[in-house]
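Student: turn this into a model:
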Amino acid sequence: MIIYVGNIISGHGKTATTIETLGKLLQKEGFELELTSNKQNKIFRLLDMLWTVFKHRKKIDYVLIDTYSTTNFLYAYYVSKLCIRLKLKYIPILHGGNLEERLKHSKAKSDVIFKNAHANVSPSMFLKTIFERYGYTNLKHIPNNVELQEYTFKQRTNVKAKLLWVRSFAEIYNPQLAVEVLHGLKQKGIEASLCMVGPKKDDSFEKTQALAKELEVEVSFTGRLSKHDWISRSAEFDIFINTTNFDNTPVSLIEAMALGMPIVSTNVGGISYLINDKVDGVLVKPNAKDEIIAAIASLVNSPEMVENLSKNARKKAATFDWETVKKQWRNLLK
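Tutor: Below you'll find the predicted structure:
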């Protein structure tokens with residue numbers, strides 16, 4: 001039996017996290033899995049996680065733990081300590097481009113979690129490299145995954161500045177920059193539109209809406225959409241933009257690649273491990289509005305480049321297909 005510990009929050013109007021996607025896929029593969037926790041209150045969520053592990057302690061083979069740099073880091077710490085006490089094998093799954101801050105500033109807790117783990121799974125080579133730099137050795141790279149057949153490839157060639165942004169509205173993802181880019185394109189006389197898909201995580205949602213009003217640009221804010229809905233809507237847009245200041249290996253970029261969308265992304269965290277500049281996407285400096293505008297303008301005027309980016313992006317996305325990735329999980333959990 002496997003207990004999977006993480007934030008099950010899609011029922012609270014948030015974007016589904018890895019526990020909800022990977023967990024369901026592992027269940028389909030025949031693994032006996034119990035997922036925890038969907039409690040909205042953070043204290044109750046932690047208690048539910050601990051109780052679930054304790055309750056099933058006599059039949060657990062592995063405990064999977066989604067591990068982030070924010071509150072969830074403490075969930076991972078206390079669940080890890082319980083697993084150590086109960087002599088259970090546990091596997092942290094490393095998420096978040098800012099997890100290095102925990103390695104710097106929470107070294108004792110980090111050592112408890114990661115040095116006692118059966119293995120530490122890093123979905124990105126970026127985080128694997130960072131952890132190795134801090135002296136951790138029990139690391140295994142298993143990439144994030146998509147079910148490729150769910151993403152209808154649309155070959156882009158001649159594109160317009162019809163921009164799609166998909167992310168939670170959080171300051172670290174810098175959503176206001178997308179609005180500034182739209183405004184800058186219009187100032188240059190380039191016909192442009194912007195759709196922003198994602199749930200509210202902090203007050204950056206209101207700030208982004210206020211900025212759009214201040215700059216007098218029309219932005220479509222859809223709120224959270226189901227995967228099926230935003231994938232369907234993506235066919236109406238030509239260019240995917242990623243404005244984040246911190247990142248790891250975001251599934252949203254892999255999904256955009258699977259759809260054949262040329263991507264313009266800030267080059268932060270693990271993004272350069274995912275996107276080869278000018279090969280399967282375009283990378284720019286963080287918070288560099290003018291660079292993003294120039295990259296978009298270049299794509300609008302370069303059908304051949306767009307065609308190559310679109311084809312190569314789909315090829316890259318195929319390496320993240322569940323049919324390939326699941327073999328690595330099977331080997332680890334056998």
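Student: from here on, contacts and neighbour counts on C-alpha atoms
Tutor: OK.
Student: surely residue 173 and residue 250 touch.
Tutor: No. Assessed by Cα atoms under 8 Å, residue 173 is found out of contact with residue 250, at 11.1 Å.
Student: domain parsing for this protein?
Tutor: With automatic domain parsing as the criterion, the domains of the chain are listed as 2-143+322-333, 148-318.
Student: could you say which of those is packed most deeply?
Tutor: Mean neighbour count (mean count of other Cα atoms under 10 Å) peaks for domain 148-318 among the domains of the chain, with a mean of 19.
Student: endpoints of that one, how far apart?
Tutor: Counting by Cα to Cα, to the nearest Å, you get 7 Å between the two ends of domain 148-318.
Student: helix or strand for residue 64, just tell me which one.
Tutor: Assessed by DSSP states H and E, residue 64 sits inside strand 62-67.
Student: packing partners of that strand?
Tutor: strand 2-5, helix 71-86, strand 90-94 (3 or more Cα pairs under 8 Å, 6 or more residues apart in numbering; DSSP states H and E).
Student: in CSV: those, plus mean pLDDT.
Tutor: Converted to CSV, the helices and strands packed on strand 62-67 look like this (pLDDT from 0 to 100):
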stretch, mean pLDDT
strand 2-5, 98
helix 71-86, 96
strand 90-94, 97
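Student: and residue 160, what is it in contact with?
Tutor: Residues near residue 160 by Cα atoms under 8 Å, 6 or more residues apart in numbering: 191-192, 238-239, 300.
Student: redo these as JSON lines? Include distance to residue 82, secondary structure and pLDDT.
Tutor: Output for these, formatted as JSON lines (distance: Cα to Cα, whole Å; DSSP: H, G, I helix; E, B strand; the rest coil; pLDDT from 0 to 100):
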{"residue": "191", "distance to residue 82": "57", "secondary structure": "coil", "pLDDT": "96"}
{"residue": "192", "distance to residue 82": "53", "secondary structure": "strand", "pLDDT": "97"}
{"residue": "238", "distance to residue 82": "48", "secondary structure": "coil", "pLDDT": "97"}
{"residue": "239", "distance to residue 82": "46", "secondary structure": "strand", "pLDDT": "98"}
{"residue": "300", "distance to residue 82": "55", "secondary structure": "helix", "pLDDT": "97"}
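Student: in CSV: the helices and strands packed on strand 62-67, plus distance to residue 151.
Tutor: Converted to CSV, the helices and strands packed on strand 62-67 look like this (distance: least, Cα to Cα, whole Å):
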stretch, distance to residue 151
strand 2-5, 27
helix 71-86, 30
strand 90-94, 25
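Student: just the strands in the chain please.
Tutor: Assigned by DSSP state E, the chain shows strands spanning 2-5, 33-36, 62-67, 90-94, 120-122, 139-141, 161-166, 192-197, 219-223, 239-242, 263-266, 282-284.
Student: go through these and name the closest to residue 74.
Tutor: Closest to residue 74 of the strands of the chain, according to Cα to Cα: strand 62-67, at 8.8 Å.
Student: adjacent strands (with direction) for that closest one?
Tutor: With DSSP bridges as the test, strand 62-67 is paired with strand 2-5 (parallel), strand 90-94 (parallel).
Student: I'd like the strands of the chain written out as a markdown table, with distance to residue 149 added.
Tutor: As requested, the strands of the chain are exported to a markdown table (distance: least, Cα to Cα, whole Å):
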| stretch | distance to residue 149 |
| --- | --- |
| strand 2-5 | 26 |
| strand 33-36 | 24 |
| strand 62-67 | 26 |
| strand 90-94 | 25 |
| strand 120-122 | 24 |
| strand 139-141 | 23 |
| strand 161-166 | 20 |
| strand 192-197 | 22 |
| strand 219-223 | 25 |
| strand 239-242 | 20 |
| strand 263-266 | 20 |
| strand 282-284 | 25 |
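Student: out of the ones you listed, flag the one nearest residue 272.
Tutor: strand 282-284 (7.8 Å).
Student: centre of the chain to the closest one, how far?
Tutor: With Cα atoms, centre = their mean, to the nearest Å as the basis, strand 282-284 stands 18 Å off its chain's centre.
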